[in-house]
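Visitor: need coordinates for the following:
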Amino acid sequence: MRQFYLESQREEDFVMKKVILVLGCMVWLGMGSQGNADLAFTPVTPCRIIDTRGSGPIVMGTTRDFLVTGTTGFDSQGGNLGGCGIPDDATSVMINFIAVGPTAPGDLRAWPFGGVMPNASIINFASVPGLNIANGLIQPICNPAVATCTSDLTVFAEGSDVHLVADVTGYFGVRTPVTVTVNCPGQSLQASVDAAGAGDVINVTGTCIENVVIREEKQRLTLDGQNAAILNGPSSLPTLNVKGKGILIQNFYNSGAITGGTVGIYVNRNASATINHNNIHNTGASGISINQLSFAVIKNNNIHDNPGSGIYVYENSDARIGFDSTADSTSSPNTIQNNGDRGITVTQTSHATIVGNTIASNGSDGIGVFRLSSADIASNTINGNGASGVNVSNNSSVNLGEDTPADFFDQPNITTVYNGAFGINCSLGGSVKAHLGSQYQINGTSGQTSISTTCPNSIVTP
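Guide: Got it, this is the predicted structure:
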């Protein structure tokens, strides 16, 4: 079974829509009455659920109701005595329908019991001696969560009397997320991630020495370090490589950490993640990298002592650094310090909103925005970085606070320990809009600003 995901991204949420390709047929598994619940497929040994050859054909122009779920009532419809192992809460079945012995051309239609007959058929048949037409498909059945299901399936015969034979090979039902614990060393975190379903929580204990990949098909998976676990990746690959959707990585903090690897956390290939309350340090390059059309919320972390940037956002990606939602009333600040390069780099047509963080003592700029990128930067403490507090160039733009700030999203940034070069440096076609506030204005040992003649700017100093 091959799965494809169609994504629509809105500002506050990701809406996932799933299409499944089965036996060459494209089938929509809508959210419908189950809300946002995922439907999990469970295969069963092929099993006969219907055979009308013992009770008489479905008469032309009439319907007949059939059972699919449960364990009783199947003998009267020619099915396996005791049923086929389809549980009562199944919402769809994988079923092979066969039209047997029609006397004229016609078709069969099928729909959930209690529903409305569709215009589309499940089988078109003709009266050809020895020819029995079959069709395998995913067939919705009566959903007990929203209806009273005295039967599961209704079938209508058009054009001819016809016998119906049907075999089931599996079913779809709402999956209940589970919580598991991985005890390292001794147990594999990767194995638990591979086995996890949508919404599952993996609690981690001990020290895991491995590089972990959360693959594209994973959704809404949580890794929780419980404020003690350590994930330490060998140096050849990212410690945690995130390619899934709605992934939450949290609580590798206090005595816990994410460390090692080429990168601590690498969110890539159109992935989305929330990175909350982690200690990320001593990786091979950046603490966190977001790239290839990906999105991340980064909050409440201590990102320090990495040889590259603390956070690196690039290749058409977006990050919220220091908050989750525009409805937040306060920031969720990160401390980004003592990294070998910049505290935060935003480049290659990317964007970041950077609010309420402490960005200090990094080897180069506190924040760098380059190559057709942009950043909204407010309410941060930008202190003692090796180059400028904020550096913008290469046709990029930054907004630093508003003239009439309404909340922490608009407040000026401050400096209490001068940065090594300028407070704000703009060159090579960058642009700056800034409100510097009345005290502790962003600054550097070489001066408050260095603005090239190629940089449009509006910098307000009260």
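Visitor: hey, what's the residue most central in space within the chain bridged with?
Guide: In the chain, the C-alpha closest to the average C-alpha coordinate belongs to Lys245, at a distance of 1.4 Å (CA atoms, centre = their mean). Counting by DSSP bridges, Lys245 is bridged to Gln219.
Visitor: right, and it touches Leu221 too?
Guide: No. Under the criterion of CB atoms under 8 Å, Lys245 lies out of contact with Leu221, with a separation of 9.1 Å. Every C-beta, even on glycine, is put in place using the N, C-alpha and C of the backbone.
Visitor: circling back: what's the spacing between the residue nearest to the centre of the chain and Thr154?
Guide: Separation of Lys245 from Thr154 (CB to CB, to the nearest Å): 36 Å.
Visitor: show me where the chain has its helices.
Guide: With DSSP state H, the ranges of helices along the chain come out as 189-195.
Visitor: remind me which residues of it are low pLDDT?
Guide: Low-confidence regions of the chain, defined by pLDDT under 70, span residues 1-38.
Visitor: care to break it down by domain?
Guide: Following the assignment in automatic domain parsing, the chain carries domains at 2-174, 177-242+251-263, 285-460.
Visitor: what about Thr349, how many neighbours?
Guide: 14 (other CB atoms under 10 Å).
Visitor: who are the neighbours in contact with it?
Guide: When the contact criterion is CB atoms under 8 Å, 6 or more residues apart in numbering, the partners of Thr349 are Glu315, Asn316, Arg371, Leu372, Ser373.
Visitor: ok, now Thr207?
Guide: For Thr207, the contacting residues are Cys184, Pro185, Ala229, Ile230, Leu231, Asn232, taking CB under 8 Å, 6+ apart as the criterion.
Visitor: from Ala257, how far out is the fifth one?
Guide: In this case it means Leu231. To Ala257, Leu231 is 7 Å away according to CB to CB.
Visitor: counting neighbours, go ahead and name the busier of these two.
Guide: Neighbours of Leu231 and Ala257, each counted by other CB under 10 Å, are more numerous for Leu231; the result is 29 against 23.
Visitor: quick one on the thing from earlier: most packed of the domains of the chain?
Guide: Greatest average neighbour count among the domains of the chain goes to domain 285-460 (a mean of 22), per mean count of other CB atoms under 10 Å.
Visitor: what is the end-to-end distance of it?
Guide: The separation between the terminal residues of domain 285-460, taken as CA to CA, to the nearest Å, is 36 Å.
Visitor: could you do stretch 205-225 as well?
Guide: Rule used - CA to CA; the end-to-end distance of stretch 205-225 is 7 Å.
Visitor: now swap in stretch 155-170 and tell me
Guide: With CA to CA as the measure, stretch 155-170 spans 19 Å from end to end.
Visitor: before we move on, what about stretch 305-315?
Guide: Distance between the boundary residues of stretch 305-315 (CA to CA) amounts to 24 Å.
Visitor: correct me, but Arg342 touches Ala360?
Guide: No. Applying CB under 8 Å as the test, Arg342 and Ala360 come out as separate, 12.0 Å apart.
Visitor: is the closest residue to Asn279 other than its chain neighbours bridged to anything, and to what?
Guide: Counting by CB to CB, 6 or more residues apart in numbering, Ala257 is the residue found nearest to Asn279 once chain neighbours are left out, at 4.3 Å. With DSSP bridges as the criterion, Ala257 is bridged to Ile230.
Visitor: list the contacts of Ala257.
Guide: Residues in contact with Ala257 (CB under 8 Å, 6+ apart) are Ile230, Leu231, Asn232, Asn278, Asn279, Ile280, His281.
Visitor: next: Asn302.
Guide: Asn302 sits next to Tyr253, Asn278, Asn279, Ile280, His281, Asn334, Thr335 when contact means CB under 8 Å, 6+ apart.
Visitor: from Gln337, how far off is the fifth one?
Guide: For His281, the distance to Gln337 (CB to CB) stands at 10 Å.
Visitor: shared neighbours of these two, anything?
Guide: Residues touching both His281 and Gln337 by CB under 8 Å, 6+ apart: Ile303, His304.
Visitor: that older thread, include distance to Gly70 when you put the contacts of Thr349 into CSV, please.
Guide: As requested, these are arranged in CSV below (distance: CB to CB, whole Å):
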residue, distance to Gly70
Glu315, 52
Asn316, 51
Arg371, 62
Leu372, 60
Ser373, 58
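Visitor: out of the residues you listed, who's nearest Ala191?
Guide: Sorting the contacts of Thr349 by distance to Ala191 puts Glu315 at the head of the list, at 30.3 Å, by CB to CB.
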